[in-house]
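Enquirer: below are the sequence and a predicted model for it; my questions follow.
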Amino acid sequence: MDTLFLNLKAYSGDDQIEFERIPFKNFSYINIHINGADVLKDNFLGNGFLIFEELKKSYLNKGKYLIFTSISGIADDSGWNYVNVESTENSIKWFLEREDTQYQYEFEQNKYLEEIIKIDNLLMNLDKTITIEPSLIIFPE
């Protein structure tokens with residue numbers, strides 16, 4: 001089984017950071033690690049943001065979910081597409097393609113849910129003035 005780890009990164013006050021020359025201030029995003037690799041930062045799948053609401057939906061039902069998008073929130077800008085999600089009695093499987101490379105992951109269902117609950121709790125306690133990125137999402141055509 002593959003391992004999934006999520007953590008919330010938050011920047012407040014005068015803290016500012018740039019991703020792909022886009023400045024972000026007073027914001028948060030969800031960082032994702034699969035099998036110990038920082039998926040969106042280690043050029044593993046390329047820069048982007050995780051869409052937490054889509055990840056949450058993927059736990060409940062099989063189907064296609066836009067779990068990742070570009071820094072701008074426009075999935076097509078960086079070639080992001082839907083993740084095909086399937087589930088078994090004890091696992092959740094992802095099938096995705098990025099830049100002509102196929103990726104397949106299988107996560108333990110209970111650990112997947114634990115990570116979602118953990119982030120949900122952190123988001124509930126986050127200062128309401130902090131934007132959660134991506135704040136705008138344009139799905140692929």
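Expert: That came in fine, so what should we check first?
Enquirer: do a quick rundown of the helices in the chain.
Expert: 52-60, 109-124 (DSSP state H).
Enquirer: now the longest one and helix 52-60, what's the angle there?
Expert: Okay, so that is helix 109-124. Between helix 109-124 and helix 52-60, the angle comes out at 150 degrees (axes from the mean of the first three to the mean of the last three C-alpha atoms, to 10 degrees).
Enquirer: buried by neighbour count: which residues of helix 109-124 qualify?
Expert: Gln109, Lys111, Tyr112, Glu115, Ile116, Ile119 (16 or more other C-beta atoms under 10 Å). In short, each C-beta sits where N, CA and C put it, glycine included.
Enquirer: same list (these) but as a markdown table, adding distance to Leu40 and pLDDT.
Expert: Shown next, in a markdown table, are those (distance: C-beta to C-beta, whole Å; pLDDT from 0 to 100):
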| residue | distance to Leu40 | pLDDT |
| --- | --- | --- |
| Gln109 | 23 | 96 |
| Lys111 | 20 | 97 |
| Tyr112 | 18 | 97 |
| Glu115 | 15 | 98 |
| Ile116 | 17 | 97 |
| Ile119 | 15 | 97 |
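Enquirer: longest strand of the chain?
Expert: Secondary structure assigned by DSSP state E gives strand 4-19 as the longest strand of the chain.
Enquirer: packing partners for that strand?
Expert: strand 22-34, helix 109-124 (3 or more C-beta pairs under 8 Å, 6 or more residues apart in numbering; DSSP states H and E).
Enquirer: what lies in contact with the first one?
Expert: Residues external to strand 22-34 that are found in contact with it (C-beta atoms under 8 Å, 6 or more residues apart in numbering): 2-18, 38-41, 44, 49-50, 52, 71-72, 105, 119, 123, 126, 129-135.
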